[in-house]
Every structure is written in structure tokens, then in C-alpha cells.
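**Q** Quick one, what's the 3D model for this:
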Amino acid sequence: MKYLIKSFTFFCVCMLVQLVGVAQSSTVNFNNNWKFQLTLDSTGIFPINNNWRTLQLPHDWSIEGNFSASHKTTFNQAALPAGIGWYQKEFARTKAMLNKEVFIYFDGIFCNSEIWVNDHFVGKRPNGYVGFEYNITPFLQEKNTIKVKVDNYLQPNSRYYTGSGIYRDVQLIIKDEVYCKASDIFITTPQVSKQKAVVQLDVQVSNPKKNLYQIKYELVDPSGKIIGATTTKLGQQSKQQITLSVTSPKLWSTEYPNLYKAVVSTLVNGMVKDVVETKIGIRNFRFDVKNGFYLNEVPTKILGVCMHHDLGALGAAFNKSAAKRQLQLLKEMGCNAIRTAHNMPAAAFLDLCDEMGFLVMDEAFDSWQKKKNKYDYSKDFAKWHQQDLEAMIVRDRNHPSVFMWSIGNEIREQFDSSGIALTKEMVAIIKALDTTRPVTSALTENILSKNFIAQSGALDLLGFNYKQNAYDSLPIRFAGKPLIAAETASALETRGVYLLPADSNYLWPSDSKDTKSGNVDYTCSAYDNTYAYWGTTHENSWLSVKNRPFMSGLFVWSGFDFLGEPVPYTYPARSSYYGIIDLAGIPKDVYYMYQSEWTKKPVLHVLPHWNWQKGQIVDVWAYYNNADLVSLYLNGKLIGTSQKTANRLHAAWKLPFEPGVLKVVSTLKGKVVLTKELHTAGAPQRLELSVNSRIIHPNSENLCFITAKLQDAKGNLVPIHDQKIDFSVEEGGTIVATDNGSPISHESFKNTAISTLNGVCIAIVKPTKGAKNLKIRAISENCMPVKMDIKLN
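**A** Presented below is the predicted three-dimensional model:
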């Protein structure tokens, strides 16, 4: 099949939707004071007893359980329990609800949710990742009870951890007689340049009583100044379209995520009845088949990672501060893009990407009609895929971060003719709602005659997973189509574990039938030399994209370790080894390889630790940039110099171990750029505590992440001795989880004490609302207790 189009250009101004509680309409946070009970009965009958506990949403009951090989979820879902849970909440009908339309919005329930209001059945939604709402106005009384059944009983239903429960935000939305829904506002920019942007707003108005109304449109710049306004004439029309001009716009980009604000106010008889505020990012982008991706006409390599939706020790329960911490770590690494693998993300996650400057490949499905697990989405696809896909598009199409839609990951319909019709259908569904972004799918088959999804001709952009050795053939086989590496690497590491020698590569597993590869202690080497048979090392996968302009960029598998899918192992392993950053949010060594390649900030990172057997031959690597040479010293003696090569992105040496000080020095034309030292550590005698942020607001969702390190008497990290650290909060908060990043630890995340992994662990603390100070204490064997005081703002 011949593709005639040489490049695609997409222009869009997008928004972060925030319904504001003003005028006669309002949006209420509905997360507080829910009651929950996990049922033991597989029939899921509503429990009539007093065993309810009160909690705050978002909530994931699976993460509260114990690891066990007996759970039907299996190790691929972290060997944690699933089951059936019930939630209920009582609320009064307030004066603000009288004569209004009242909706309840759930951003995600996993899974098979059923909703009742005052024992009236409201609706069911099988998909655990999609956001949805119900109009509950007809069922409201003076006093009300909402009940939610969550049925995650049938297992296995996923290849990775899902979590269980109402794990994203819930809102109560109250609307007056004339109103706009957030999803019924679509903003684009037909024109974008440095000199001028034209902002177009298409608005669908709900006006059941056929009132005469007006809409006032205002545009506010990043400094808060109103720079444009217009008010429509009186009318009853259900659809409106207006344009506003912006002179010398401040464009949204990954480096400068400038956000404007659009305000849409609905007026009846001159009174404001409804207000929707939106933050707007003005930008344009395009894909070129030869030269890749352009953002605001600037050539830009997409430097992305794939991210599952779980937040490590917090499970699937979304927390904005935890997600922000993840994104901050990725931003510091140089990452500029996220692929939401392999499902619709939380709306608040996209808000963060808008604010922090990340491009997002927004992905819908991991399976279509053909299943990957016995009880996965394939059983619901035929009935629900259109409704679910439409819900994703109208919720997410106004985010400046979202720059492409993905209709699936490694879909099995690639391999039979049904893939043609299904691809065309889903692309048509998307294009009916948004023509400003390309549609792709993450493909594995790179022979056109065998790939029926590609044969459909409906995809604007082709994403390929792995098979980097075939990249040079792709522009020939798929002529005229822009290309991106939708998934790369599948390299495996345990933080702080080093398997010598480092110049040997390990394929774990070596093929689809291999179940014996690996170490007896269920670890993988932190040298970048271990990977699954379908993948390659991090260095090779990046070099394959870096040196090919026609590859628009890549999404590394994966940004963080995630719960479940512990390739190459089975139980007792229960979380992945793929991440550049471990499950606890502690960077592995390869993090600094990407940082040295993806940023301009000076980088010098040396590995491994310097605690070995005397005379043992040790491979020493250094990731660096902004230098042309790296020198290695042991106890003051020059061992030698090294540098990157065309096929190697680190300096490297071999030397026999001697205790003492290992020092690396990077230089540029003889001038020192950076110096780093590793010291042979003694026995643990002290603890060091640090916090991810000193500016913490004690509200309902903000968390503190406390990192604890075992140190010797001189303050050196102790990398080969692990022991339990017991955390406590003396004032101002509660410990909600602990973690050490180990894929095999069966210590509960809910414990307040946890063992270190190669000298490091974390505690996650929730400040008490209204608290002024947070006081944390940590103790461990043979170490002096240590305290940390954090001021809360």
C-alpha cells in the first residue's frame, strides 16, 4: 500500500478544565466520608452489618492486602488480593441543589462498578479506567445514600496491577437551568505563530427549558490580565462558536508550559448562572516523515517513558503530590513525554502534565476483541469501546499536553483482517470529536503484509514497539508515514545490585519458553546489561533513535518500576524490574545515562559501590556529559582515562578492588568539569533523613516522601548491608506507607517499619490538615535515632 501524504501538521490550543464553584452552578469535592466494606461472598451481596469503616477517596483496597501466591490475580498483578467491595455515602440535599441538575462524576473505578442512589439503580460501567458521570437529579430526596458496588472478583483480568476500588476522584456537579459541561467545550487554534494566535471555542449548551441566554467569553493571560472578551446576543441555540485573537502569544512548550485561561459564563436575564474556567496552552506541532517532530516549529526529539497508573506503595489510588514527585524526577532526567500505558490516565495526571510541560501519548486499550487474559476488557469491548473511547476524547482533548491518541497496545487484531475494520472504526470515532491530533497504535508487527492495523491506512502516525534493528526498513515498508518508537528497552535492573563482569549481556528470559533464567535471589544487575529477549539495553535503544532523524522519538519501557509483571521471574517476585527509577522513587544508575544524554546540566555519576572483596576485578562505569574525558583514581593513583564511543554512552575501566577512595574527574579540554568520589563504607552507625520538598501544604492530598539512608560513622552510604528502619511521626501527620524498591519484598506497604534495599528506603507521610509542623523520627539497630522537623505552609 502506498501512502501519499508526506507529513502531518496539527494545530491546537488546549486546556485544563476546572469547574469553579461560583454563580448558580458548583462542583463539590465528593471524596470525603465514604464507608467501605470488602465482602467475602463471591456473589457480592450488599453487606448488612456494622463492619463498615470510614475512609477518604481515592482508595485502593488491593494495596492494603498481603502478598500471597494463592491470590488469583497472580504475580502479574503483584500477588495482591482483588474481590468485591462496597462503598456508601450519605449526604443531604442542600438548598444549592433545589431546582438544579445534579450529576455525580467518577474519574475511575476498578472495575465493573454499579451505582445506586436511594436504592434506585443508576448505571453500570465495566471499564476500570474511564471517567463517567450520572445525572442523579430524579433520585434525590432530603436525605440521600449513594451505594457503589465494585466487582474485581474474576481473575486474572490484566497483565499488570490494576488495583481495586474507587481509586480516583469523585465530584458532585450542580448545574443551573442553562449550563455548559466541561466536556462540551472544545478549544482549538486555527492559526498559531509567534506574532498571533486565533483561539476558537466551540460550545455545546444545555438549555432544557429553552431560556433566552447569553454567553460571555473572556481570555486571561498568564499574568492574570484579561486580554480579550466578547458577549453573544440573546438566543436559544444549543451550539455556539466564537473566536478570540491573542497578540504575541506566549506559547506552551515542554520548557515553558505557559497557560492562559478562558472563562465561559452563561447568563440568563443578566444573571450569571454557570461559569467554566479553563487553562489554555497555545501551541502547534507537526510530524515530518523525514525529520521527525516539531513543536512550535522547533525540531524536538520526543524523549519519553511509558508509565503504568500505579503509584508504588500507594497502589492505584491517585494522589496528585505522589504523581508530581514522579514527574519531577522524570523532568530532572530530561524526559519530555509520557505514554499512559496502557489505559486512560487520571484527569489530574494530565493537569500536572499541562502545568509541568510534558507531552502525552494518551492510550485507550490494552486489548480489543481478542483477549490477553481470561477476564480482560475483551469481554466488554464490543458493547463498550465506542462509549469508552468517546469519553476519553471529550475529557482529554483540551489538554495541551495531549498530542496524540493511541487506540491500543500490541493488539492481537494486528494479525487478522478484523484489525482493518476495527481500526477504521475507532479512528473515525476519534476524528468525529477531534481532528487536531494524530491517531496511532503501538504495533509489534513491522511487515506491512502481516499487519492489518497498519493496512487499514487509518493511522496518522505509526508507533512500533522494540525491533530496533528494523528501524531503517520502516520508512520503506511504511512509506509516507511518520514514525515513533512507541516502546523501547525492556532492560532489567535491581537498584544497587551489580553482577560481574559487566561486559557480558544477559537475556532474561532468552525466549518465550524460558522460565529458568535469572539469579537465585531474584535480582537483576544494575549495570545496563540485562534485558528481555524482545528488547535491548537502554543505551542501544536510545542510540537507535538518537541517530535516526526520521524516528520522532521514543517511549522507554519504563519510567518507573510498577506493581506486577516481574519479568524475568514469577512469585515470590511481585513488581517489575523495567524502571529507570525503582518502585520507591529512587533512581537506578541508568537514570544518569539518560540525564547525561537528555539534558545540558553537568552530569557525572559513577557505579558501582566500592565495597568488594580485596583483589576482585570490578567494572567501573561513569555516565557523564559536557566533557571529553574522564579520569579514574584509586587512593590518589591514576588508573586511567576513558570516554564515550559511538556505540557506548559511558566511560569504563576494569581494576582490582582495594578499599579506600575511588574518584572520577570529568574534564573538557583539560579543565575540570565535575569530580565524584566513592568511599569504602564501614558498618552502619547512623541514619540520614531527607525529604522530597520543604514546601508542603497540609491539605487532604499532599504527602511527604522521606528518604532514609544507612551510613557509616563517616557518613558514607552502606550499600551491602540491610536492616530494618522504624519510622514514627511525633507531631503533625501519619505514616501511610513505606517502601524500599525491592521487587521481592513481602513486607506490607502499610507497615511503619521496613528493611532497606542496599542501604535505602522511604516512608510516605500524610500531614494532618491544619498542622504547622511535622516531626518524624527514625530508629535502626546500632544507629543513633534521628529526627527531622518540617515546617508546613
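
**Q** in the stretch 401-550 of the chain, which spans are strands?
**A** For the stretch 401-550 of the chain, applying DSSP state E, counting those that start in this stretch gives strands covering 402-409, 439-443, 462-465, 483-489, 506-507, 530-531.

**Q** Now do the fifth one, average pLDDT.
**A** If you average the pLDDT over strand 506-507, you get 96.

**Q** just the longest one next, same as before
**A** Taken as a whole, strand 402-409 has an average pLDDT of 98.

**Q** Neighbouring strands of the helix or strand containing Gly85 in the sheet, and parallel or not?
**A** Under the criterion DSSP states H and E, the helix or strand holding Gly85 is strand 83-92. Based on DSSP bridges, the strands next to strand 83-92 in the sheet, each with its direction, are strand 34-39 (antiparallel), strand 143-152 (antiparallel).

**Q** hang on, the earlier thing: distance to Ile302 and mean neighbour count for the strands of the stretch 401-550 of the chain - can I get that in TSV?
**A** C-betas here are computed from N, CA, C, even on glycine. Written out in TSV, the entries for these read as follows (distance: least, Cβ to Cβ, whole Å; neighbours: other Cβ atoms under 10 Å):
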stretch	distance to Ile302	mean neighbour count
strand 402-409	9	25
strand 439-443	12	25
strand 462-465	11	24
strand 483-489	7	28
strand 506-507	28	17
strand 530-531	22	26
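
**Q** Using JSON lines, lay out those together with distance to Ala753.
**A** Putting the strands of the stretch 401-550 of the chain into JSON lines (distance: least, Cβ to Cβ, whole Å) gives the following:
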{"stretch": "strand 402-409", "distance to Ala753": "38"}
{"stretch": "strand 439-443", "distance to Ala753": "41"}
{"stretch": "strand 462-465", "distance to Ala753": "40"}
{"stretch": "strand 483-489", "distance to Ala753": "34"}
{"stretch": "strand 506-507", "distance to Ala753": "34"}
{"stretch": "strand 530-531", "distance to Ala753": "31"}
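
**Q** Identify whichever of these lies nearest to Ile476.
**A** Checking those against Ile476 by Cβ to Cβ gives strand 483-489 as the closest, at 11.4 Å.

**Q** State the mean pLDDT of the closest one.
**A** Per-region confidence: strand 483-489 scores 98 on mean pLDDT.

**Q** Parallel or antiparallel, list what pairs with that strand.
**A** In the sheet, strand 483-489 lines up with strand 462-465 (parallel), strand 551-557 (parallel) (DSSP bridges).

**Q** thinking again about what came up before, who touches the strand holding Gly85?
**A** Residues external to strand 83-92 that are found in contact with it (Cβ atoms under 8 Å, 6 or more residues apart in numbering): 30, 33-42, 44, 46-47, 52, 59, 61, 142-153, 164-166, 172.

**Q** Would you mind checking these for buried ones?
**A** The neighbour-count test (16 or more other Cβ atoms under 10 Å) marks 30, 34-39, 44, 47, 59, 61, 144, 146-153, 164-166, 172 as buried among the contacts of strand 83-92.

**Q** Quick one: residues contacting Phe318.
**A** Contact criterion Cβ under 8 Å, 6+ apart gives 58, 107-108, 167-169, 309, 311, 346, 348-349 as the residues in contact with Phe318.

**Q** so which of the residues you listed comes closest to Val263?
**A** Of all the contacts of Phe318, the one sitting nearest Val263 is Ala348; the distance, using Cβ to Cβ, is 21.0 Å.

**Q** which SS class is the closest one?
**A** Secondary structure for Ala348, judged by DSSP: H, G, I helix; E, B strand; the rest coil, is helix.

**Q** Could I get the contacting residues of the closest residue to it other than its chain neighbours?
**A** Counting by Cβ to Cβ, 6 or more residues apart in numbering, Ala348 lies nearest to Lys320, which is 5.2 Å off, once chain neighbours are set aside. Taking Cβ under 8 Å, 6+ apart as the contact definition, Lys320 lies against 348, 351-352, 701.

**Q** from the residues you listed, which single one is nearest Gly585?
**A** The shortest distance between Gly585 and any of the contacts of Lys320, using Cβ to Cβ, involves Leu352 and amounts to 15.3 Å.

**Q** Who are the contact partners of the residue most central in space within the chain?
**A** Centroid-nearest residue in the chain: Met307, 4.4 Å away (criterion: Cα atoms, centre = their mean). For Met307, the contacting residues are 326, 338-341, 558-560, 562, taking Cβ under 8 Å, 6+ apart as the criterion.

**Q** switch to 10 Å and redo it
**A** Taking Cβ atoms under 10 Å, 6 or more residues apart in numbering as the definition of contact, the neighbours of Met307 are 323, 326-327, 330, 335, 338-341, 345, 349, 360, 555, 557-560, 562, 579.

**Q** Which members of the contacts of Phe318 are positioned in helices?
**A** With helices taken from DSSP state H, the overlap with the contacts of Phe318 comprises 348-349.

**Q** one step back: which of the strands of the stretch 401-550 of the chain sits closest to Val199?
**A** strand 402-409 (17.4 Å).

**Q** Name every strand pairing with the closest one and say which way it goes.
**A** Strands that pair with strand 402-409, judged by DSSP bridges, come out as strand 359-363 (parallel), strand 439-443 (parallel).

**Q** Neighbour-wise, which one of the contacts of Phe318 leads?
**A** For the contacts of Phe318, the largest number of neighbours (other Cβ atoms under 10 Å) sits with Tyr167, at 31 neighbours.

**Q** wouldn't it be in contact with Ala316 here?
**A** Yes: counting by Cβ atoms under 10 Å, Tyr167 does reach Ala316; the two are 4.4 Å apart.

**Q** Now for the two: what residues contact both?
**A** Contacts common to Tyr167 and Ala316, judged by Cβ under 10 Å, 6+ apart, are 58-63, 108, 110, 128-129, 309-310, 346.

**Q** The residues you listed into JSON lines, with extra columns for pLDDT and distance to Ile779?
**A** As requested, those are exported to JSON lines (pLDDT from 0 to 100; distance: Cβ to Cβ, whole Å):
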{"residue": "Pro58", "pLDDT": "98", "distance to Ile779": "32"}
{"residue": "His59", "pLDDT": "98", "distance to Ile779": "30"}
{"residue": "Asp60", "pLDDT": "98", "distance to Ile779": "29"}
{"residue": "Trp61", "pLDDT": "98", "distance to Ile779": "31"}
{"residue": "Ser62", "pLDDT": "98", "distance to Ile779": "30"}
{"residue": "Ile63", "pLDDT": "98", "distance to Ile779": "26"}
{"residue": "Gly108", "pLDDT": "98", "distance to Ile779": "38"}
{"residue": "Phe110", "pLDDT": "98", "distance to Ile779": "37"}
{"residue": "Gly128", "pLDDT": "98", "distance to Ile779": "40"}
{"residue": "Tyr129", "pLDDT": "98", "distance to Ile779": "41"}
{"residue": "His309", "pLDDT": "98", "distance to Ile779": "34"}
{"residue": "Asp310", "pLDDT": "98", "distance to Ile779": "30"}
{"residue": "Ala346", "pLDDT": "98", "distance to Ile779": "36"}
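
**Q** Now Val275. Its backbone dihedrals?
**A** Torsion angles at Val275 (phi, psi; degrees, to the nearest 10) stand at phi -130, psi 130.

**Q** What number of residues are in the vicinity of it?
**A** By other Cβ under 10 Å, the residues close to Val275 number 21.

**Q** that older thread, adding mean pLDDT and distance to Ile484, write the strands paired with strand 483-489 out as CSV.
**A** Written out in CSV, the entries for these read as follows (pLDDT from 0 to 100; distance: least, Cβ to Cβ, whole Å):
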stretch, mean pLDDT, distance to Ile484
strand 462-465, 98, 5
strand 551-557, 98, 4
